[in-house]
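Q: Task: produce atomic coordinates for the following.
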Amino acid sequence: MPKEKENPETMGCPVARFFTEMEKAYGKKSTFFTHLHQSRIELLKAIRSLVDDRIGELEKKKEGGRKKATKIEVE
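A: Residues are numbered from 1 along each chain as shown. Here you go, the predicted model:
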C-alpha cells in the first residue's frame, strides 16, 4: 500500500501559513512586512541583552571565586 503524500500546506504552522498568504496578497514591500522585519530585529536584540546579562552574572561568580570559611572561636 503506497504512502499518501503529505501536503506541506496542511501540515504547516497556521501562523506561517498566515504570513505566506499575506505575502502573496500584498507582497514583501508592504509596510506590514517592514514592521514585521523590525520586530524580528528587536526580539533578537532583547534575547541578546538577556544572554549578555547572564554571561555577566556568570563572569562575576567566576571572578569572586569561592568564599573562604572564617574561623570562629567557641568558648
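Q: now the helices for the protein?
A: Remark: helices assigned in the chain by DSSP state H are 8-11, 14-26, 31-64.
Q: what's the angle from the last one to helix 14-26?
A: If you take axes from the mean of the first three to the mean of the last three C-alpha atoms, to 10 degrees, helix 31-64 sits at 140 degrees to helix 14-26.
Q: what about T20, how many neighbours?
A: When neighbours are defined as other C-beta atoms under 10 Å, T20 has 13 of them. Yep, even glycine has a C-beta here, placed from its N, CA and C like the rest.
Q: cool, and the one 10 residues further on?
A: As a burial measure, the neighbour count of S30 was computed by other C-beta under 10 Å and equals 13.
Q: any idea how far R48 is from I41?
A: To I41, R48 is 10 Å away according to C-beta to C-beta, to the nearest Å.
Q: which stretches of this protein have low pLDDT?
A: Applying pLDDT under 70 to the chain flags residues 1-11, 65-67.
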